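[1] Below: sequence and its predicted model.
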Protein chains: 2
Amino acid sequence: MKKNLDAANLLYPMPTVLVGTVVKGRPNFLTIAHVGIMNHGHPQYVSIGLAKIHYSNQGIHEHKAFSINFPSEDMVELTDCVGMISGKKTDKSGMFELFEGELAGAPMIVRCPVNMECRLHDVVDFPTHEVFIGEIVASYADEEVLTGGVVDYAKVRPLLFDMPRRKYWRLGEPFADCWSVGKRLRRSLTGED
Amino acid sequence: MKKNLDAANLLYPMPTVLVGTVVKGRPNFLTIAHVGIMNHGHPQYVSIGLAKIHYSNQGIHEHKAFSINFPSEDMVELTDCVGMISGKKTDKSGMFELFEGELAGAPMIVRCPVNMECRLHDVVDFPTHEVFIGEIVASYADEEVLTGGVVDYAKVRPLLFDMPRRKYWRLGEPFADCWSVGKRLRRSLTGED
């Protein structure tokens, strides 16, 4: 039996990330999980949705850049804490050891096992939020989270965010191959191999 | 040690969904995981990124609507199969039992435990892709996946998609509360409760 839940946003779980910016000359970080993937290709575009009240937005507008950093499970307290402290009141620039890539204005967090630096491509404006669409300029990962040179999310151990129950979830295990597990069914339906 | 992975998109895992549309008078379905959350509030906006070659796009343009349906683990073969069959060649309208909400052009899948119907709000154009931003008009869930009236993703058992390794992953278990687990650390850093 279907229950109508009004217009609840149920598009979860989503990966929790730390967005890195430079605001008024200082690195700043914001915890979000309202992210998106725009396309598949090169250039590759991703989005982050930020309430306009956040301090980070002005840094993105100023430097036309931001970073996306993936915390591991062992960073859950720190990640949650960063999301509850505003850069307007508290200087967060010393909370993490940082590294720089190609862009100014996109400081990245050494302790996060996966990092992406993004050049601002476009801003989609909503009444209370700005969606920053970034072009991925470069991506980085700790060698410890790679399997055969490819990022292995079992090793990243991301924090998966669920707004309805306000929980961080662990990732489970991989259980099927994409563009593969459905092939037998496709063959039976269409005759195609 | 950080390894540079060029401009790889590492923004995963993402929830795999079946997008429902009506194209040329017939329901059609497409498997995607390149989704996004734009804001937090009412109205609530979400995005789906579709390559322009897909058949579904013309249905969204025509009806200014689409649905987002969440398959469970037990639908993995079917979900993967839908992603490998084009509506241009194969009529997918009979693959699922459907229900309708408020919008024409947004058929929803009964077997999927969570469904959202969206009214087209805007289209962000990329060279090879269109990002359809939808306003959530109504959301639905099977009573069996609710805990205390709220969607419980442990019961939904979503398919989490990972492009780098082309895998579907299970969701693990919740292990911390958002806006809560970091409070002790915040207190030690800022003195705020």
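    Arrived safely. Numbering: from 1, shown residues only, chains lettered A, B, ... in the order given.

[2] Of all the residues in stretch A:49-69, which ones are buried?
    Neighbour-count burial for stretch A:49-69 flags A:49-51, A:54-57, A:59-60, A:63-69 (criterion: 16 or more other Cβ atoms under 10 Å in any protein chain shown). In short, each C-beta sits where N, CA and C put it, glycine included.

[3] Of these, which belong to strands?
    Residues of the buried residues of stretch A:49-69 located in strands (DSSP state E): A:49-51, A:65-69.

[4] now, among these, which is nearest to chain B?
    A:Gly49 (4.9 Å; Cβ to the nearest Cβ).

[5] for the closest residue to A:Pro158 other than its chain neighbours, what are its contacts?
    What sits nearest to A:Pro158 in space, not counting adjacent residues and going by Cβ to Cβ, 6 or more residues apart in numbering or on different chains, is A:Pro15, at 5.1 Å. Residues in contact with A:Pro15 (Cβ atoms under 8 Å, 6 or more residues apart in numbering or on different chains) are A:33, A:35, A:70, A:158-161, B:11-14.

[6] Now do the strand or helix carrying A:Leu185: which elements does it pack against?
    Per DSSP states H and E, A:Leu185 falls inside helix A:183-190. Packing partners of helix A:183-190 (3 or more Cβ pairs under 8 Å, 6 or more residues apart in numbering or on different chains; DSSP states H and E): helix B:76-82.

[7] Contacts (any at all) between chain B and stretch A:110-123?
    Yes - residues of stretch A:110-123 are located near chain B by Cβ under 8 Å from any Cβ of the partner chain, namely A:110, A:114-116, A:122.

[8] quick one: buried residues of that stretch?
    Buried, per 16+ other Cβ under 10 Å, within stretch A:110-123: A:111-121.

[9] out of those residues, which are inside helices?
    Per DSSP state H, helices hold no members of these.

[10] how about those residues in JSON lines, adding distance to A:Glu173 and pLDDT?
    Shown next, in JSON lines, are the buried residues of stretch A:110-123 (distance: Cβ to Cβ, whole Å; pLDDT from 0 to 100):
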{"residue": "A:Arg111", "distance to A:Glu173": "25", "pLDDT": "98"}
{"residue": "A:Cys112", "distance to A:Glu173": "22", "pLDDT": "98"}
{"residue": "A:Pro113", "distance to A:Glu173": "18", "pLDDT": "98"}
{"residue": "A:Val114", "distance to A:Glu173": "19", "pLDDT": "98"}
{"residue": "A:Asn115", "distance to A:Glu173": "24", "pLDDT": "98"}
{"residue": "A:Met116", "distance to A:Glu173": "25", "pLDDT": "98"}
{"residue": "A:Glu117", "distance to A:Glu173": "30", "pLDDT": "98"}
{"residue": "A:Cys118", "distance to A:Glu173": "30", "pLDDT": "98"}
{"residue": "A:Arg119", "distance to A:Glu173": "35", "pLDDT": "98"}
{"residue": "A:Leu120", "distance to A:Glu173": "36", "pLDDT": "98"}
{"residue": "A:His121", "distance to A:Glu173": "35", "pLDDT": "98"}
